[in-house]
Each structure stands twice: as C-alpha cells, then as structure tokens.
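Peer 1: Predicted model, plus sequence, below.
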Amino acid sequence: MVAAKRPVLESLRRDHIIELLGKGQRVDGRKLTEQRKLTIETNVIEKANGSARVSLGDTEVICGVKIELGTPFPDTPDKAILIVNAEVLPIASPQHEPGPPDEEVIELSRVVDRGIRESEMIDLSKLVIIPGQKVYAVFIDISVINLDGNLIEACSCAAVTALATAKMKSHELSSSGEFKQLEDIVPLPTNRLPVSITVAKIGESLLVDPSMDEESVMDARLTLTTDDDGNFCAGQKGEPGGFSIDEVFQVSENALASGKEVRELMKKVIEGAKEGKETN
Amino acid sequence: MVAAKRPVLESLRRDHIIELLGKGQRVDGRKLTEQRKLTIETNVIEKANGSARVSLGDTEVICGVKIELGTPFPDTPDKAILIVNAEVLPIASPQHEPGPPDEEVIELSRVVDRGIRESEMIDLSKLVIIPGQKVYAVFIDISVINLDGNLIEACSCAAVTALATAKMKSHELSSSGEFKQLEDIVPLPTNRLPVSITVAKIGESLLVDPSMDEESVMDARLTLTTDDDGNFCAGQKGEPGGFSIDEVFQVSENALASGKEVRELMKKVIEGAKEGKETN
Amino acid sequence: MVAAKRPVLESLRRDHIIELLGKGQRVDGRKLTEQRKLTIETNVIEKANGSARVSLGDTEVICGVKIELGTPFPDTPDKAILIVNAEVLPIASPQHEPGPPDEEVIELSRVVDRGIRESEMIDLSKLVIIPGQKVYAVFIDISVINLDGNLIEACSCAAVTALATAKMKSHELSSSGEFKQLEDIVPLPTNRLPVSITVAKIGESLLVDPSMDEESVMDARLTLTTDDDGNFCAGQKGEPGGFSIDEVFQVSENALASGKEVRELMKKVIEGAKEGKETN
Amino acid sequence: MTNLIDSAGLRNDGRKFNELRPIKLEVGILKNADGSAYIEMGKNKIIAAVYGPKEVHPRHLVRPDRAIVKCRYHMASFSTDTRKNPAPSRRETEISKIIRQSLEPALILEDYPRTAIHIWVEVLQSDGGSRCAGVTAASLALADAGINMRDIVASCAAGKVDGKVVLDLDNIEDMEGETDMPVALMPNIGEVTLFQMDGIVSPAEFKEAFELALSGCQDLYKLQKQALFTKYFGTDKPQVQEGE
Amino acid sequence: MTNLIDSAGLRNDGRKFNELRPIKLEVGILKNADGSAYIEMGKNKIIAAVYGPKEVHPRHLVRPDRAIVKCRYHMASFSTDTRKNPAPSRRETEISKIIRQSLEPALILEDYPRTAIHIWVEVLQSDGGSRCAGVTAASLALADAGINMRDIVASCAAGKVDGKVVLDLDNIEDMEGETDMPVALMPNIGEVTLFQMDGIVSPAEFKEAFELALSGCQDLYKLQKQALFTKYFGTDKPQVQEGE
Amino acid sequence: MTNLIDSAGLRNDGRKFNELRPIKLEVGILKNADGSAYIEMGKNKIIAAVYGPKEVHPRHLVRPDRAIVKCRYHMASFSTDTRKNPAPSRRETEISKIIRQSLEPALILEDYPRTAIHIWVEVLQSDGGSRCAGVTAASLALADAGINMRDIVASCAAGKVDGKVVLDLDNIEDMEGETDMPVALMPNIGEVTLFQMDGIVSPAEFKEAFELALSGCQDLYKLQKQALFTKYFGTDKPQVQEGE
C-alpha cells in the first residue's frame, strides 16, 4: 500500500520481480509453487481453550480460541455461535496503527471464517445445550504480530490448529433441564482440517504463498480452501486484477497440492499436541 | 450547501431568483403556491409490510415499512414502538457521501416522525400484544434516491402512504397468554392521513414546495402538518432566517390548502392499492 | 496543553514560576502547601438523589448522583454497580470542544472512582437487592463547568459530598421475594470520606493544589487519597516527569495534612445539609 | 390523564393560563467563557456560554464573508428524572440545530469574517421548555460576549392542556398535555426565529397559542434587558419575578 | 432440508438447472448521477450510480497517475426479510471491496489521473445473488457515466443445490443449498474479476459450476449490451427475458 | 476470602513475601519493528515494540523542539480468563497513558525534533501486574530501537495481601488481596516514573510497600541489563531466574 504512493519505485520493483519470474525465479530464491517455511506451535496461551502460533516465513500470527456460553442468534436457534476476529497489531508493521479494522482485515476475518464454517470442521449443531436458549460460543481471535504477506494462509492455519487442539469443560443437563458445568476436560469436537492456499498473479506468472514484496506488486490473488477429502470448500479472489479461466483451474491444482503438504504438517503437530509436544 | 463556498455564484443565483419572485414568478415557471408534480406508487418492495415510491418533481424517495415484534420502552409499556429513519443515499446527489446521518437528516427523520406520531395516524396502544412485554415495532425506513429539494414533504408522503397500505400477520393469544402468529394478513390499523407542507421564504416572498435551487438561496422554511379534519398536528421552522408573525399565518393557510390537494391524491392511490393498482 | 505549541511562551512562563518558587512563592501569592478557597454547595440538582457544586479557586464542578435499579455484572453478582463519569463541558475552557472523552478525562473518572471504591466509602454489598439479579446502580456524573486546574480534587470532593448527602427510596421484598419500592426516603448508606490531594512538581519544588497556570508547566503530579483514619486508599502519578523517593514521602505527608483540612470542611457541609443548609 | 387544570382554571403548579413559571436570569457567571448566562425557568437550570469569534477548525469550514456558528444543546446525565445516557441523542442533535437557527438571524455574522462563534447550552436540570430557556440564556451569553447583534432573541412555549391554551408548559403539561408550541422572537424586529409544534390544534387554537407564546417572549425580553442592565450597570434593583 | 429440485429436474421456482431468473435492466434512471442503472434479477431490485471523475477527498489519497475508485454496496433496511440494522455490517464492507475489485480491471483509470470515481450500489430488495446483480448494474452505470472501459463486467453465480450444479441461485437455494460460487467475467477479454465460493464441491463439480457461471455471465452480457443500446439508440425492441 | 498466605509465610504459588515471579526477557524478537522485547512474568506474556523516530501524523501534532510519544497498551481478546471484548476499554486507555508517562522521563526527546516515537505494548496473556511487565518490556524495546535514553525504566508492584506486604502480586493476590501499588523506577537517576495505588494501607505500610516495590525494580533492572547484553554481545550465560 505504501509503495502505491511512489509509482517509480513500485514500477522498478515490479520490473525486477517480473524479470525474475520470466526466468521462473522469485526474489527469495523459491520456486513458483514453493511455500516458505511453516512452523506451528500449539498451546502457547494457557488461558485460552486452544491456541497456536504460526510462522510462515517472516509472517507471524497467534490465535487464541475461547469457548464460552452464549445465546444463539434468533435465526439459528439450533446452532452454536462461531466468531472469527483477526487483527493486525501495530507491532506487526510500520503501516499498521491502532484503529478500527479496515476492509482488508475484515475480508481476512471473513475468509478465515468461511474456510472453517463451510468445511464443516466444527459441527455447530453439536455444541447446542438448550436449543434457542443456551449454546456454546466459539471465539477465534487472531493477532498478527509480524507481517510479511499471505495472512490468509497463516491466520487460517493458526485458527484451524488452535481449534483442532482446543479443550473445554464438559457439562450435563439435570433431569429438570438445568445446565451444570463439569470439571471434566474434553476436546472440542472437530472433523476435517481445512487449509487455505493463496496464489498470486504477477504479470503472466502464478506463484504460491506470496511474500509482502510480491503482494505489493501482484495484480490479483486467488485463495482456495480444500479439505481432507480433496474437495474445495471456500474461495476468494482479491485485488484489482483478473484471472483467465485456465489460470483459475491452475490455481485449483496448486491449492490441492500445497494444501496437502500443509495438512500433513498440521496433522503431525496436532498429534504431537495430544502427546504433550507443543511445536513441530 | 455547495453554493455556500462560492459567494459570488450564490449571490447571482439569489438575485435572479428574487428578481423573478418580485414579478411573482419562479425559475421553473410555477406559481408561488403551486406544487411540483407528485407521483405515488405503492407496494414497490414486496418484502416490506408496506412501501411507497414518491416523486415530487425530480425528488425521488422510497419508503419501506417493516412490522416486527419487540419489547416496549420501559417508560411506555402500553405503547407499540414506532421508529422513523430517513437516509439520503449517496446516489441521490454529488454532495452526499456515505456516513453517519448529519443534523439535516436527523431533523428530517424527526419531523416525519412527529407528523405521523402527533397526528395519531397510528394508534400505538392498539399494537400492544402483552403490555410491558411484547408489542409490535413499526420501522419506517426512507431512502432518498434523487435529491431536488423539499425532502420533508416527499418523505412524509411516502411514509404515510406506505403505512396506510401496510399489511401484517394477525396473531392470537392462547388462554394461557401465549402469543401465536397467524397466517391471516390484515391491514395495519391507521386513522388519519397527515400531510406535511413546506413553505420557503426568499426575500419577501413565500413559496410552496421549494426545489433544490430555491432551497439553496432560501432564508428560512416553515413546515406545517395538517390532518383530515383541517387541524394542525406538527410544525417545524428551519434554516437561519425568521418569519414575520403575519407570514406564519400565511404559511398556515398554504399548508391547509396544499395539504388538502396532496391528501386527495394520497387517498386515490390508497384506494387504488386496495383494488390492486399500484400507482396514480 | 495549548502552551505546548508555543515553546517560547511556555518556557518564559515556566522560568517566571520557577523563579518565584525558588523564593518559596507562587504566582497567586499562595504558600506551597496552601490550597485555594474551597466552597461546597449541596442539593443543587433537585432531580438527582444527591448533588454538589464545588469551587476550588476558579475551578468549578457539579456532581449529580442518580440511584437506579440494575442487573449486577456477571463476575460480581453480590455487588451493586458504581459508575463514575466525569466530563469537561465545552463551557469550561476555550480548549474543550464537544467530543468523546480523551485520555485525560478518562483518567480523571477512573481516579475519582478509585478513591471512592477503594476507600470502601460505599459498601456495595449492602446495595444488593437479589444477588445476581437486581442491585442498585449508583451513577456519579460530574460536569466540569469552569477549568482552572486540579480537577481531581474538585471532582473527587464533589462526588464524595454528593454521595454523603444522597437520599434514596427504600424497598422491601415480599415473602415471595418480589421487589417493591417504598415511598420512605432514606440516606444512601456511606462510611468514610475519602479526600484526594494532588501535589505538583515544578523544577525542585512541590506544591499543593496546582492552578491551571501551574499545571501547564508542571513536570509531574502525584495524587494520594486518604481516609478518616489517616490511611491511604488510592494513588496516581501523572504527567511525563518523575518524583524522587523522598519526594513521594513528602507528598504523602502533604496529602494527609491537606486531606484533613478538606475533610473537616466536607463534614461541616454534610452536617449542614442534614439540617437543611445547602452551602458552607 | 390526570386533571391538569382545576375548576378554578388554575394549573397543577397554581399558575394562571397566561403566566410564566418563576424565572431567574444571571449574566456573566463563568470565568473562562467570553460570554455566559444562567437561567432558571421553573425547574430548568441551564448555563449558556459563548466562545469567539475564534479560529475555525477544520479550515475548510471557513466562510470568507462571515462567521460560522457552532451550537450544542446538551443535557447532563443527572438533569432528567431517570438518568440520561451520556451518548448524544438524536433529540439533542435536532435541538442544537433549532437553537442555532433561532439565534443566527440576530447575529451580524458579516462583522466577523473567517471566524467561528461557539454557543454551548448546558442543561443541568431539565423541565418542560428547556430549548426555549436555552435560547433565552444563549442570547444573553452572546450579548455578554460582545457579539454584534440586530436584536435579542427571547423564547417561550405555549400549548394546549386539558383543552385550554396555556403559556410556558412545565414537564407534566408537556408530557400529558395535548400540544406544545415552542416559539422564539426577535422582539424589536418582530421576527419569529424558532417555531415548532407537537400535537393537534384547530386553526383558531393555533392562532391563540401562537399569540400567547409571542406575549410570553415579550415578557421574557423585559427580564433579559434587566439582567443585562444589572450586569453592566451594577444596579441592584430587585428582579421582577414573573409568575408572582 | 426442503426438496429444492423436483423429480422433473425443475427448481423451486420452475427453472431448469441452467436458467437465469427473469431479468430487467434499465440504464440512466437517476437525474443527478453521472451514470446510473437499475436491475431486477429475480426479487433483487438494485440501483447502481456513478459519480465522477471528481475531486479526491481527503487529498492524501490522490494518485498522480490514475483515478482512485470508491465503492459501497449497501442494503436498505427494508430490503431483507427481517429488517436489516442500518449500521454498516462487515458483510457489506467485504462485498463493497469485492465489487470494487471486480470492476477495476475493466476501468482505464490511467485516463483520469488525480481524480476519484464513486460507485454506489443500493440494494432496495435483496434475493440470492445481490452482489452479482450489483456488479452487472454498476458496470452499466459506469458505461452510462462515460468512463473509459476495456470491457463490460457481467456477473452471475452458479452453485450446488440438492447435489446438482445449477445457475443463478435464488434466496432459498443460497440458504439451503450446498454451495454458492459468484463469478464475474469480462466477456471480451476473458478474465474472471470476481470469484468467491462457499460450501463443498469436488474438483469435477468445481469445474462444472465455474463453467456454468461463466455461461451465465455471457448471457447477462447480451442483456447489458441491449440495455445500453436501448438507452443510447432509442430502439424499442422488446427486451429478451432470460429465463423464459 | 481464600487464605493467600500459609502458616509458613509462603504465598499461593509458593513464593516468599519479597520474591518476584519467574521472569523471562528477550530483546529483538520481531523482524519488522525498529525495536522489540518479550517478557514473561508469571503468566504474563507481553510483546513490546517500538517504531520510530518517524513522521508525525496528523501534522498539527508536530513539536518543533522534541519528539512526541504515542503509546498503546492493548490486551488480546484471548489474554484474559473470560474473553475480553475487542473494543478499547477505559482501563486500557488509562494504562496506555500511565505507561507512556512512565517512559517519557527516560527518553531524550529533544534529540528527535519533529518526529514521533510509537510504543506498542501487546498483552498476549495477562496475569496480575501486566502494566509493570509492559513498562519493563517497553523500556527494552526502546533501547533495542536505539532511542537515546537517560536511563532504563524497571517496573514492579508491591501490595498488601492477607495483612502482609508482599512483592509482585499475581492475579489472585491482585483480585483478592487488599492493596496493589505498581511502581516504576529509573534505577540510576533514582526517580519514580509510575506510581499508582488501589486499596487501604497505613502510612507505615505505605512506606514498606513502596520500598519493597523499589527493590523489585532494582532486581528487574539487573535482568534487563542482562537481556540487552545477551542480545548485543551474544553471551549465552544462563539467565538469572528471579523467584528461584
């Protein structure tokens, strides 16, 4: 965004990046379909029901999941509440000062939300206590602490891992229907592991996992979320450029391939968390 | 408002308008007491309980009425809720961008509200279901889509017509006092048809139904709302000028005369709506 | 704050004030430990449960206490609600225009709140009607109407006096546990009289009850609240300067001494109020 | 509805139909403001203060040929029977506009190009008719600030209660009566600068109420002149208490 | 879940799987706007208006080499089944961004340096697919405003309902069906400028739905051309009603 | 009230009255920030970052003779036992001011006229004493950013729990104890730059608690120096763990 005010610099950087891409190269030496190093650490916030710290290259985010009691929305009396709220903290970059979320961050929250919700990773009807009256409310709060591009993948990965490792108190309803929280700790029931992969388009090239430098000159991005069965469950095109029809199909293949890699890593971390290891 | 920044142009326009008014003429050829063409169309928004689209010259507004269930305000447990909310959409003029309502629009909402409320067009005590607990909430939302002056009359006319043609589900209370909505559709019970007429003062002249050009140079405006019995039920002076005492009386006569004309038209449209015709 | 934009003037004023302070003198002729004239008037707002108007030199504030029914906060089901809200009205100085409270005013509200809450002046557990369901809510609203420094002391003094003279309707719970308000008027039950004294540091000098001129050049301030037993119950350092360790102890002695003086005056006024006199 | 007018024609507080509530006016009560005034009108207790002419912020609001006027009508949280939420209400926004536009015709804004005049009306305690009392006080605060004016503005409501036209409604009459008609007048120029109406009146009652309100404004104008006189020429002659 | 597709393969409103809802397009319907258009698409009723190129506020947003684009997608409170809260929702914020970025690739912004183009999409009544209908109308409003464009943008969703891939979901299909995939296309350039997806599809269904949406965009493009033609060359030949 | 100090004089987590909680300090942990630090103090987990000196926005805040300081203390929604509402609270606003004013005396702002220094304190997990831990970390972040400083600022609370004066209250002691007194100290200059107090103490307890807090600040100062040393001179000698 900052580069936008300096058309000459922006255009120089763009020329350089495109020139490299012409030779199939990227500024940081990666291949076009290569992701940066992904590290996932779980249970980093003991006060949260679930949490994860993810770094993707120099992008770093922390997600905390809180599970509380709530009243269902009037139009969905038999569904628990799921709220995703991402925030780019001002520590994350010189461009982000405190303030209400801008459209960029609202889109980020909503795309992460969609990936989780549409994959049916959480069965929201299972978290209802008394229909229309009392349900669990699952709050997924994500803080970006260092920004170097591809927030959708990093935030989505942190949210999914935090959910998959979240624990909560169990409850029982007395015969008279009264709610009572128990001291037993049970895992939050989850199913699949959705993974969101973003592909950037710069000039004629498509590249997986764009860094901030690459994002600053990209024409458009397309994010696709896939699930464990190799299906697609969410998608979002962003930025003021377009994709040809063939490019959309190519992105869909990238999303399946990279999604599989990331899911393998997530699975290992989640397994490890169950055994008390908190990082990969 | 824009003219305010260009004192020379404003003063030229003002001189021209006043010169014409000196000869009893207006820039668009109307007589001082002549309204612009008024068109009323009903049932334009099928999802609303009542709706109307009104054009007054080139001023165009749409009103939708929604009737929902609500909890009465603590200080009026035996009254239904009535809320009027007007909005000048950014499509309506180059001067209106999205944002919270300014004082102009808040005044507009409140003057339309007052005309409806004080005329007792709706008997709010009849829309109570269980006193203190459950009442109907009547939301009157008005969107201005093209702006050419005299919003109070156009918005008020749209709101009154939408209310007078609104329909709602009926209900019954079981013997145990339980509320049940029925599928029967009944008209919203309304009584009178209040009509708000605005008279502008420019120099020494009084003129009915000011256009935007006239408003931009007017010294003051006075709106009076009259009912079917020839009584007054609401009033509002606006803009930073004054009226002589005689002028107030003259405006009161204008309001009665023009109010009668408008009411005749509204009645015809409302009758038509009952017979399935949706415009005049 | 305004002076901040005029470094030359600020530094001249500062030099002058410091030069006087070097001789143990203040610009308005007071001694370093001398407070300005304090006047307290009670029952100035008949519609409030308690009220007081305080002037401290040219600083003038009005506090109104309203006692209403409310629902306790979920984490304190057996405590009444206490809310302090201070506001510097735009009439109070050329620098204050309408708007949301700035950090200065939020700090003011919170420091006044802390002095009252931590001194246990009000036993919030006594104002519970039905634990977890219905409690009294004590709203302490303070309006600053003329600003000449040391708002914390003036606002705190007005709030404490208004509370100490507040009256409320009594209530009874029927045998079935139903709440009923009675017409009997009883005093709000209060215990101690906390007094907040602010000491400013300018250069090497400490001075009690700074005026606005003195505040505009002070390095730091330290407020300590004391109670009837000669204990401390709250404290707050403000402004971007520091105090040496010895200075903190000196301020603590100033706070006890000046606090005693102020408390004597408050007691006289409160006694007077009970006898129907409304000022000192 | 309670009976607001008794068999002798007297109102709930003992007033006759054409009587103002007790009024107290004071000019120049605040140290920092350029001009200020205090009014008590029944249970209304209102301070008005004026700052200016002063610099305009933000700059794009500057008018090269005149001063701009900012005005806020604001109720203290403790001013009403049940506590008022401190957030600005739509009612306050509307009344701020109405008060500003009732005072602007009296101000010679052309004398202060490129400046702003700020008028703050603070309601410490409210009774019926606080907007009128606010206009009356603000007009004195403007005079106290030395702003050039064509005329003073005096303001007062009339209305209909229990079927009778009466002057200067108090809170109960405003709530439970039929009609309220606040009016402001420039007494020497003879122009009405504030006019509002809530509730049903016949054309004859409209005329009667309007003229009664105007006569109330004339009475208030006398009290305004006296308050200014007291402040500026130090006389101590006892204030005429309307309503006695 | 209700049965949304009957045994004859027809949808709840009688359409075939590849059929658009009835569509009405009008260009130039607002007096004040520089360009405007109206669309009805099923029960959607949407006005789009364009103002500009105009001055940029605040000034620091100026781009020396191109125009900036502001866009708002906004739903009237009465546009939905239960009244929509008038406060802007996060959903509206996201869709505003999505619509803007679906139109920008078609605009030759370099032709208007240092200016702003405002695109306002007002939903008077909403049905499924209002963002697509909004893009389709906004694209016409831009053309009506005379903004230089590389191509028109046409937009339409496909999705999966009762296990079948269908075109142009209405409200019930959107709520109770499995998947919604809104797409926008520049038909001559062949670029996709809007793509979103909610809900699960296999790779084969992904392809099928995407291609069905593209064919819908091509149909809409014909209607868009005709609407512009009708406005600018006054022909009166009856509009092709898709879905008949 | 639970029994917070046992018969052996040990506290709920086993500490002695004058013992700090376990502390971990790291300097330079964020890639993008000009300076950063991380602190764990009991269950507190806090990141502080510094950006600047940088351009001032909006321009009217510029000080010709010095830098201005912006500071925010902010709690993540997941940092507390029950989820914190993301909207900024009045408590956070006050603490932001308190932290800023505890650091400003240590900064040589005259060295950076016409610029701004931004200090962001992000609480990822909060325990008692998060404002003190925030000051301690922010002070390291400022040093890491290379801002000229007169001294480091170290911060720590003392208080009264079960009638005893103790150092560095944790969450339970803060909630259920009698008094909390957060203090910050410039250890070399000997000036107190943060002082707050909640709860009743006698003059003797006031002195005792204040002096205990100061000694805690001195201990923290040693850890701060070591953390900087480790970052800048690469030594790997194990950190002294206070509280052992």
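Peer 2: Perfect, thanks for sending it.

Peer 1: Let me see the backbone angles for residue D:32.
Peer 2: Note on residue D:32: backbone dihedrals following degrees, to the nearest 10 are phi -80, psi -30.

Peer 1: thinking it is in contact with residue C:149, fair?
Peer 2: No. Using Cβ atoms under 8 Å, residue D:32 is not in contact with residue C:149; the gap is 11.7 Å. C-betas here are computed from N, CA, C, even on glycine.

Peer 1: In the stretch 1-150 of chain A, what residue lies closest to chain D?
Peer 2: Scanning the stretch 1-150 of chain A for proximity to chain D using Cβ to the nearest Cβ identifies residue A:100 as nearest, at 17.4 Å.

Peer 1: On the three-state scheme, that residue is what?
Peer 2: coil (DSSP: H, G, I helix; E, B strand; the rest coil).

Peer 1: burial count for it?
Peer 2: Neighbourhood size, residue A:100 [other Cβ atoms under 10 Å in any protein chain shown]: 9.

Peer 1: neighbours of residue A:210, just the number please.
Peer 2: 23.

Peer 1: Now it: closest residue in space, sequence neighbours ignored.
Peer 2: Take residue A:210 and drop its neighbours on the chain: the residue closest to it by Cβ to Cβ, 6 or more residues apart in numbering or on different chains is residue A:200, 3.8 Å away.

Peer 1: Pull up the pairing partners for the helix or strand that contains the one you found, direction included.
Peer 2: When elements are assigned from DSSP states H and E, residue A:200 belongs to strand A:195-202. Strands adjacent to strand A:195-202 in the sheet, as given by DSSP bridges, are strand A:205-208 (antiparallel), strand A:220-226 (antiparallel).

Peer 1: Reformat these into JSON lines and put mean neighbour count and mean pLDDT next to each item.
Peer 2: JSON lines is the format used below for those (neighbours: other Cβ atoms under 10 Å in any protein chain shown; pLDDT from 0 to 100):
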{"stretch": "strand A:205-208", "mean neighbour count": "21", "mean pLDDT": "97"}
{"stretch": "strand A:220-226", "mean neighbour count": "26", "mean pLDDT": "98"}
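
Peer 1: Find me the pLDDT at the closest residue to chain C within chain D, would you?
Peer 2: Chain D approaches chain C most closely through residue D:78 (2.5 Å), counting by Cβ to the nearest Cβ. At residue D:78 the predicted local distance difference test score is 98.

Peer 1: Check residue D:172 too.
Peer 2: pLDDT recorded at residue D:172 is 95.

Peer 1: Now it, what are its backbone angles?
Peer 2: As for residue D:172, its main-chain torsions (degrees, to the nearest 10) stand at phi -70, psi -40.

Peer 1: Secondary structure class of residue D:160, three-state.
Peer 2: Recorded secondary structure, residue D:160: strand (three-state DSSP).

Peer 1: before we move on, the earlier item: for residue D:32 and residue C:149, work out which one has more neighbours and name it.
Peer 2: Regarding residue D:32 and residue C:149, a neighbour count based on other Cβ under 10 Å identifies residue C:149 as having more, with 23 against 20.

Peer 1: Cross-check the contact I'm expecting between residue D:42 and residue D:126.
Peer 2: No. With the criterion set as Cβ under 8 Å, residue D:42 and residue D:126 do not qualify as a contacting pair; they are 9.9 Å apart.

Peer 1: okay, and the common contacts of the two?
Peer 2: With contacts taken as Cβ atoms under 8 Å, 6 or more residues apart in numbering or on different chains, residue D:42 and residue D:126 have residue D:171 as neighbours in common.

Peer 1: separation between residue D:50 and chain F?
Peer 2: When distances are taken as Cβ to the nearest Cβ, to the nearest Å, residue D:50 and chain F turn out to be 25 Å apart.

Peer 1: Now that residue: which helix or strand?
Peer 2: Residue D:50 is part of strand D:44-54, with elements assigned from DSSP H and E.

Peer 1: Over to residue D:214?
Peer 2: Counting by DSSP H and E, the secondary-structure element that holds residue D:214 is helix D:203-233.

Peer 1: average model confidence for that helix?
Peer 2: Mean pLDDT, taken over the full extent of helix D:203-233, equals 97.

Peer 1: per-residue pLDDT, residue D:242?
Peer 2: 47.

Peer 1: anything in the worst-scoring helix or strand of chain D on mean pLDDT near chain B?
Peer 2: Across the helices and strands of chain D, the lowest-confidence element by mean pLDDT, DSSP states H and E is helix D:171-176, at a mean of 94. No. Helix D:171-176 stays clear of chain B (Cβ under 8 Å from any Cβ of the partner chain), getting no nearer than 9.9 Å.

Peer 1: so does that helix get close to chain C?
Peer 2: No. Using Cβ under 8 Å from any Cβ, helix D:171-176 stays clear of chain C, with a minimum separation of 9.8 Å.

Peer 1: what about that helix, distance to the chain center?
Peer 2: 18 Å (Cα atoms, centre = their mean, to the nearest Å).

Peer 1: Low-confidence ranges, chain D, go.
Peer 2: D:1-2, D:235-244 (pLDDT under 70).

Peer 1: The residue of it at minimum distance from chain F in helix, strand or coil?
Peer 2: Residue of chain D nearest chain F, by Cβ to the nearest Cβ: residue D:57 (9.3 Å). When the structure is split into helix, strand and coil by three-state DSSP, residue D:57 lands in coil.

Peer 1: Count the residues that sit near residue A:145.
Peer 2: Other residues near residue A:145 number 26, with proximity taken as other Cβ under 10 Å.

Peer 1: wait, what's in contact with whichever residue of the stretch 101-250 of chain A sits closest to chain F?
Peer 2: Taking Cβ to the nearest Cβ, chain F has its nearest neighbour within the stretch 101-250 of chain A at residue A:141, 4.0 Å off. Contacts here follow Cβ under 8 Å, 6+ apart; on that basis residue A:141 touches A:63-66, A:85-87, F:76-78, F:83, F:86.

Peer 1: May I have the beta-bridge partners of it?
Peer 2: residue A:64, residue A:85.
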